[in-house]
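Engineer: Curious how this folds, go ahead:
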Amino acid sequence: MSFGAAGVTKKLPAIILAGLALIISACASDQAAPPGKPTTAATTPDYLIGPGDTLQIFVWRNQELSVTVPVRPDGRISLPLVEDLPAAGKSPTSLARDVEKALKVFIQEPVVTVIVTNFVGPYSTQVRVIGEAANPQALPYRENMTVLDVMIAVGGLTQFAAGNRAVLVRRVNGKEEQYRVNIDKLIKEGDLSANVGLLPGDVLIVPQSWF
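Structural biologist: Numbers count the residues shown, from 1 in each chain. Now for the predicted structure:
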């Protein structure tokens, strides 16, 4: 569900992706590379639940109320005795308190634990890879994530990729910034200076080679 963007990307004609990447690449040609290891601990202290996550809801001493449920595309979950409870955008601890509050109508002093067993996260915290990646997709952001981590997750680049013309699109202070990323130097030449850090919401565009 949260990976639906990847499926759409795969279906786009190569010429459209190439043209899009060419335009963005031209705009980013004068931009310096983003910081190698951005610090994000202050901005993302807790994991936030997103559509597509799988949650294990454990209600102490109430096995019949303990279930494993997916977070629906609308960001809600349904539990025994509790329907359509908002979950997306909340931390597991915050959601556990909400479930306890909802269950107090039916049982005394419920104790609830929420465990995320399949991580996707909200769209705003994902890192998206489009274009000439072997498996373009949206990935859940992880602390200290880098371009190398993303390349491993997507299986590297296709034989038609122009890795050194890749562009990183990032929103900074409400404005869209674009940076050139030299992926070929990173994965083919082992140049770790090209292994730039990523932030939640980043989009990595890998264009097709002109030749």
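Engineer: This protein - how does it break down into domains?
Structural biologist: Domain assignment of the chain by automatic domain parsing yields the ranges 4-43+123-206, 54-118.
Engineer: Need those domains in a markdown table (columns: mean neighbour count and mean pLDDT).
Structural biologist: Where you see a C-beta, it was placed from the backbone N, CA and C, and this is true even at glycine. Supplementary listing: the domains of the chain in a markdown table, determined by neighbours: other C-beta atoms under 10 Å; pLDDT from 0 to 100:
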| stretch | mean neighbour count | mean pLDDT |
| --- | --- | --- |
| domain 4-43+123-206 | 17 | 80 |
| domain 54-118 | 16 | 96 |
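Engineer: Tell me where this protein has helices.
Structural biologist: In the chain, the helices defined using DSSP state H lie at 4-11, 14-28, 92-103, 147-154, 183-187.
Engineer: Name all residues that make contact with the nearest residue to Leu157 once chain neighbours are set aside.
Structural biologist: Beyond its immediate neighbours in the sequence, the residue positioned closest to Leu157 (C-beta to C-beta, 6 or more residues apart in numbering) is Gly163, lying 5.4 Å away. When contacts are counted by C-beta atoms under 8 Å, 6 or more residues apart in numbering, Gly163 touches 157, 182-188, 206.
Engineer: just those now: which is nearest Gln137?
Structural biologist: Val206 (12.3 Å; C-beta to C-beta).
Engineer: could you measure the closest residue to the closest one other than its chain neighbours against Val114, distance?
Structural biologist: Of all residues not flanking Val206 in the chain, Gly131 sits nearest, at 3.8 Å (C-beta to C-beta, 6+ apart). Shown here: Gly131 relative to Val114, a distance of 36 Å by C-beta to C-beta, to the nearest Å.
Engineer: picking up where we left off before, if I look at the residue nearest to Val206, how far off is Val120?
Structural biologist: 21 Å.
Engineer: same thing with Tyr47?
Structural biologist: The separation that Tyr47 has from Val120, given C-beta to C-beta, amounts to 11 Å.
Engineer: repeat for Met145
Structural biologist: 15 Å.
Engineer: quick one: contacts for the spatially most central residue of the chain?
Structural biologist: In the chain, the centroid-proximal residue (C-alpha atoms, centre = their mean) is Gln126; its distance is 1.8 Å. Under the criterion of C-beta under 8 Å, 6+ apart, the contact list for Gln126 reads 2, 50, 120, 138-141, 200-201.
Engineer: can you pull up the bridge partners for Val127?
Structural biologist: Beta-bridge pairing of Val127 under DSSP bridges involves Leu139.
Engineer: That one contacts Gly197, doesn't it?
Structural biologist: No: checked against C-beta atoms under 8 Å, the pair Val127 and Gly197 is beyond contact range at 10.9 Å.
Engineer: Quote the end-to-end distance of stretch 132-142.
Structural biologist: End-to-end distance for stretch 132-142: 23 Å, by C-alpha to C-alpha, to the nearest Å.
Engineer: And that stretch, how far out from the chain middle?
Structural biologist: When C-alpha coordinates are averaged (C-alpha atoms, centre = their mean, to the nearest Å), stretch 132-142 and its chain have centres 8 Å apart.
Engineer: Same check on stretch 104-117?
Structural biologist: When distances are taken as C-alpha atoms, centre = their mean, stretch 104-117 is centred 28 Å away from the chain's centroid.
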